[in-house]
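below: sequence and its predicted model.
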Amino acid sequence: MTTTTLAVLVPVLPFLGAAAGLFLGRTAPGFVRPLAILPTVAALVLAVFVAVRQGGGATIEAATQLTPTGSVPIDLALRIDGFAALVAVLVGVVATCVQVYSTAYLRHDPRYPSYAALVSLFTAAMFLVVYSGDLMVLLVGWEVMGICSYFLVGHYWETPEARAASLKAFLVTKLGDVPFLIGLFALAADAGSFRISTVLHTVASGGLDHPTVIALLLLAGVAGKSAQFPLHTWLPDAMAGPTPVSALIHAATMVAAGVYFVARLLPVFAASAAALVVLAVMAAVTMLGSALAALAQDDIKRVLAYSTIGQLGYMTGALAVADPGAAVFHLISHGAFKALLFLAAGVVIHAAGTNSLAAMSGMRNLRSRIPDAYWTMTVALLALAAIPPFSGFFSKEAVLVGAEHAAHGDTAGVPTGAGWTVLVAGLLTALLTAAYAARLWLLAFRGRGDEAPDHGRQPLAMTTVLWVLAVPSLAFGLAVGVLPDWLGGQSLTPTLTTSVLGTGAALIGGLLVYGTWRHTISVPRAPIGAVVAHPEADGSLVEEEALASHERAYGYLAAHPDPADPGRILLGPLHRHAANGFHLDAVYRVLFVRPVIEAARLVRFLDGAVIDTYVRGAGALPRLLGTAARRAQTGNTQTYLSALFAGTVVLAVAAVLVATVGA
């Protein structure tokens, strides 16, 4: 088979698996798990073959016209370069791990067939985004991921949190997709084509008439899809879905799509210095704000969600300093260790029976109950904190090196202000990232109090996946010497300056948290009481009464916070605001939600009290006339003769009067 044929099959196979899973889920449940896993594994194998054949060399392109449009054509096109080849392998690895993990994690869930089919469809959509050489076809995958996220985040639709989170995720991302679509049309109008190769050629020849406007419109969609400030608020709430879904969304699909899109079309953004400055500021605010919020969260999954937002900020920061290689390097590295973090968190939640770090800190020997999750999550947290020699160190250093070069004016076309913004924010975020990673590890695995519950050994499907993902989390950074050939040719090797500053900041952050934790560990804590199951703690739904008990336990923890929480002590008065995401949802509620609701009420009033009144009035007059005419038609001959006689008399009297007046 040719490389292009193999590449076409990569998104087609999980799509067919999704379709077959939906049709056979109820009639032949025994086929659900094979249809979830085998097409995804086959797609991964083909993606590896495509990557080997591409080899980091020349871009492979193929296209056929999808439909005649009469103006700008739409092509079914493939564009496979080093970026696409590596990201496709990442998507395949994470999707396969998620599907295997889910067979055990959701083994008792009655809606597993639809869940598995949606995960396969999600995977196919991301493959389409990665390999597409036409922006309109890319948009199809982009939007399919949006609708899949709506259904998957709302998987536990019995709970109001899941319903609200799925709706919020859909609406916030659509808010960014509207200007994104306008930007795509404007870009195609300037370039005369939706083909990525044609667009890049047009940019290189200076053919874009409005690069700043186009770049800013596209950035709105990227901010929504990749959860960047100010459209990031949907991602922490999306944790209401099953944990494997969180791993998929955060590591290899959805949020990675925006970063990948900018990396592919970076010349469009680099054509406008203003767009690069906006991107740098957006990245800096996202990095710092999300890291502070992560340090204040009690829910282990929300800590990881804010962590994802911050790491995506590093990627957009690398793009702001025109270093797409560093951005994609960190995207791949982050995809491995963040998928591991979420899947390990699922094991922790299952063992502890709760999402609350405060509750876990009251459990002794939790780490001994789940040794596989403990060791693999430790590896992933070290990678997240960018401690050498773990993969996160190399990829994060690549971002800082790119920012350093831009800050010194060594990167053509990039304002030095953008470089300094990303560099300073990146170093501060490195400190905060290590701090919240250390806090999570200490509270989850170094608790004190009652003995942790013993649920027995975790399923092999779950623990095996953790060790598979631990390998790239530990060793992927060793490929730093080979990756430049795949990622644009720029060096990704750390420099002494950024290595010392970045690692030093991480060590300071981790030691601050550890010292604070040690200082407060002797403080007596209030008894939390019985810890009850989280709605997905055993991979299935729980009874309404158990959920109510769970919410009461959370309410108690909120009213009686753990005095030994280092995050609360280090943040001080800022903790309350950081825990609420700096009240950005409340701001949006005041600025946008309430005005829209009031406008809708006004429209409803005008429609009912004004427009409907005129409509009812227009129909009332003919109805009254008809009623009068109907009542006159009695069918009685005497009545008709009486009316005729009366009319004759009236006319006669009138005629006499007229004649008299005239005389």
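Arrived safely.

pLDDT weak spots in the stretch 451-600 of the chain?
The model of the stretch 451-600 of the chain has pLDDT under 70 over residues 521-564.

tell me where it has helices.
For the stretch 451-600 of the chain, helices defined by DSSP state H, counting those that start in this stretch occupy the ranges 460-475, 496-520, 544-559, 566-571, 574-579, 584-588, 594-605.

out of these, flag the one nearest residue 202.
Evaluated with C-beta to C-beta, these place helix 496-520 nearest to residue 202, the distance being 35.0 Å. For every residue, glycine as well, the C-beta is placed using N, CA and C.

what is the distance between the closest one and the centre of its chain?
Helix 496-520 sits 29 Å away from the centroid of its parent chain (C-alpha atoms, centre = their mean, to the nearest Å).

list the buried residues in that helix.
Applying a neighbour-count criterion of 16 or more other C-beta atoms under 10 Å, one finds 498-499, 501-503, 505-506, 509-510, 512-514, 516-517, 520 buried in helix 496-520.

and what of stretch 451-462?
Buried, per 16+ other C-beta under 10 Å, within stretch 451-462: 452, 458-459, 461-462.

what is the nearest of the residues you listed to residue 405?
Distance to residue 405, by C-beta to C-beta, is smallest for residue 462 among these, at 42.4 Å.

do you know how far that closest one is from residue 347?
For residue 462, the distance to residue 347 equals 6 Å [C-beta to C-beta, to the nearest Å].

that older thread, what is the nearest of the buried residues of stretch 451-462 to residue 251?
Ranked by distance to residue 251 (C-beta to C-beta), those are led by residue 462 at 16.1 Å.

which non-adjacent residue is nearest that closest one?
residue 104 (5.0 Å; C-beta to C-beta, 6 or more residues apart in numbering).

secondary structure element holding the one you found?
Assigned by DSSP states H and E, residue 104 belongs to helix 82-105.

what's the answer for residue 52, then?
Using DSSP H and E, residue 52 falls within helix 32-54.

ok, residue 346 touching residue 105?
Yes. Look at residue 346 against residue 105 with C-beta atoms under 8 Å: they come within range, at 5.9 Å.

intersection of neighbour lists for these two?
Contact with both residue 346 and residue 105 is made by residues 243-244, 462, according to C-beta atoms under 8 Å, 6 or more residues apart in numbering.

got these as TSV, with distance to residue 341 columns?
Listed next are the shared contacts of residue 346 and residue 105 as TSV, based on distance: C-beta to C-beta, whole Å:
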residue	distance to residue 341
243	10
244	12
462	14
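
out of those residues, which comes closest to residue 49?
Among the shared contacts of residue 346 and residue 105, residue 244 lies closest to residue 49 (C-beta to C-beta), at 26.3 Å.

what sits against that closest one?
Counting by C-beta under 8 Å, 6+ apart, residue 244 touches 98, 101-102, 105-106, 119, 342-343, 346.

for residue 324, same thing?
83, 262-263, 266, 318, 487-488.

most neighbours among those residues, which one?
residue 318 (33 neighbours; other C-beta atoms under 10 Å).

show me where pLDDT drops low in the stretch 151-300 of the chain?
The model of the stretch 151-300 of the chain has no residue with pLDDT under 70.

may I have the phi/psi pair for residue 388?
Per-residue torsions, residue 388: phi -70, psi 150 (degrees, to the nearest 10).

how close does it sit to residue 608?
Separation of residue 388 from residue 608 (C-beta to C-beta) stands at 67 Å.

next one: residue 349
Residue 349 sits 49 Å away from residue 608 when distances are taken as C-beta to C-beta.

the two - which one has more neighbours?
In this view residue 349 and residue 608 are compared by other C-beta under 10 Å, and residue 349 has more residues nearby, 25 against 10.

before we move on, back to that, what's the closest of the helices of the stretch 451-600 of the chain to residue 236?
Per C-beta to C-beta, nearest to residue 236 of the helices of the stretch 451-600 of the chain: helix 584-588, 9.7 Å.

now do the closest one: which elements does it pack against?
Of the remaining helices and strands, none touches helix 584-588 by 3 or more C-beta pairs under 8 Å, 6 or more residues apart in numbering; DSSP states H and E.

list the buried residues in it.
Going by 16+ other C-beta under 10 Å, helix 584-588 has these buried residues: 584-585, 588.

so what touches stretch 368-380?
Stretch 368-380 has contacts (C-beta under 8 Å, 6+ apart) with 337-338, 340-341, 344-345, 347-348, 351, 367, 390, 441, 444-445, 452-455, 458, 463, 466-467, 469-470, 473-474.

from these, list just the buried residues.
Using 16+ other C-beta under 10 Å, the buried ones in these are 337-338, 340-341, 344-345, 347-348, 351, 367, 390, 441, 444-445, 452, 458, 463, 466, 469-470, 473-474.

residue 340 against residue 474, yeah?
No. Between residue 340 and residue 474 there is no contact under C-beta under 8 Å: 10.0 Å.

residue nearest the centroid of the chain?
residue 255 (4.6 Å; C-alpha atoms, centre = their mean).

just give the nearest non-adjacent residue to it, would you?
Spatial nearest neighbour of residue 255, chain neighbours left out: residue 226 (4.9 Å); criterion: C-beta to C-beta, 6+ apart.

and residue 420, by the same measure?
Nearest one to residue 420, counting by C-beta to C-beta, 6+ apart, is residue 407 at 4.5 Å.

go ahead and confirm the one you found touches residue 425.
No. Counting by C-beta under 8 Å, residue 425 is not a contact partner of residue 407; they are 11.6 Å apart.

neighbour-wise, which of those two wins?
The neighbour comparison of residue 407 against residue 425 (other C-beta under 10 Å) goes to residue 425, with 24 against 21.

so what's the more buried one up against?
283-284, 287-288, 313, 317.

tabulate those (TSV), appending distance to residue 7, secondary structure and neighbour count.
Formatted as TSV, the contacts of residue 425 follow (distance: C-beta to C-beta, whole Å; DSSP: H, G, I helix; E, B strand; the rest coil; neighbours: other C-beta atoms under 10 Å):
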residue	distance to residue 7	secondary structure	neighbour count
283	31	helix	31
284	37	helix	25
287	34	helix	28
288	39	helix	19
313	31	helix	30
317	30	helix	33
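
so which of those residues is the closest to residue 236?
Nearest to residue 236 among the contacts of residue 425, with distances taken as C-beta to C-beta, is residue 313, at 14.4 Å.

any idea how far the closest one lies from residue 66?
According to C-beta to C-beta, residue 313 stands 35 Å off from residue 66.

what do you get for residue 437?
46 Å.

between these two, tell me which one has more neighbours.
residue 437 (30 against 15).
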